[in-house]
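> Fold the following.
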Amino acid sequence: DLPTLLGAMGLLPAATYLASWTGWFVSSLGWGRNWAQATSQGPVFFVFDSIRSWLNYHFQVLTYHSALSTPHPYQSEPWSWPLLLRPVAFFYEGSDDVCGVKTCARAVLGVGTPVIWYGGLAALVAMIAWYVATRDWRAGAVLLGYAAGWLPWFYWAIADNRTMYNFYTIPMVPFMILAITLAAGLIIGPAGATRNRRAVGAGVVGVFTLLAVANLWWLHPVLTADIIPHEQWWRRMLLRSWV
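Sure, this is the predicted structure:
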């Protein structure tokens, strides 16, 4: 599988990422675009120096983020991320008499849907048990992807005391959803299971899905800056650490 693995997980993502920078390459106005005087040396130097400018841009980004240690009120440590303890408040504005009551609020809170988040945490624990018991590669692949997006941050948190935020979990989320999907399959049961077994399993998964949709609907106002009474905003702060 190695040749196809290198193509699918190495060359194709690299080419896709490079292509996403097309607008930056074809313009002379992008930030850091002329760092290597890419547009003044002719077509050959244009290609060579534009790559140098592009790489320098990435080195600057890496240097900035690897040395970021300024305290922030919404920072959080990586070991707290799966518990959704400290999301980032991107926007908050209080106002009076604009929502039918005296005190109103608008907010954008960068928080995941708790039903999915804690359900995903339970599913990941189930993947550990499943992999230990059966060595099923699907459970192992999900756990590896999740760990690759999460565990490296422990080094920077411990060694460099780096400032971090809960939204760094974004690369972990697809694997969390895959864990939920695999766990749902285990709950429903295999194709050869009895009808009652699969009916009960499907019912459990269906209830979880409905709860997730209802939870997202309930949180929607504080995800999209809807104007709501302050009391309703406060009720949606499930943990005091969200404030």
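
> Following the chain onward from the lowest-mean-pLDDT helix or strand in the chain, which element is next?
Of all the helices and strands that make up the chain, the one with the lowest confidence by mean pLDDT, DSSP states H and E is helix 42-66; it has a mean of 76. Beyond helix 42-66 on the C-terminal side, the first helix or strand identified by DSSP states H and E is strand 88-96.

> which helices and strands sit right next to that following strand?
Here strand 88-96 touches strand 103-110, going by 3 or more C-beta pairs under 8 Å, 6 or more residues apart in numbering; DSSP states H and E. All C-beta spots, glycine's among them, are computed from the backbone N, C-alpha and C.

> Can you point out the buried residues in the strand it packs on?
104, 105, 106, 107, 108, 109 (16 or more other C-beta atoms under 10 Å).

> ok but residue 184 is inside a helix, no?
Yes - going by DSSP: H, G, I helix; E, B strand; the rest coil, the assignment for residue 184 places it inside a helix.

> can you pull the pLDDT of it?
Among the per-residue scores, residue 184 holds a pLDDT of 97.

> Neighbours of the residue nearest to it when sequence neighbours are not counted, how many?
Nearest residue to residue 184 in three dimensions, chain neighbours excluded: residue 205, at 4.6 Å (C-beta to C-beta, 6 or more residues apart in numbering). Around residue 205 sit 18 other residues, with neighbours defined as other C-beta atoms under 10 Å.

> got it, and residue 24?
Using other C-beta under 10 Å as the criterion, residue 24 is surrounded by 16 other residues.

> quick one: contacts for it?
Taking C-beta atoms under 8 Å, 6 or more residues apart in numbering as the criterion, residue 24 is in contact with 30, 33, 54.

> confidence score at the first one?
According to the model's per-residue confidence, residue 30 sits at a pLDDT of 84.
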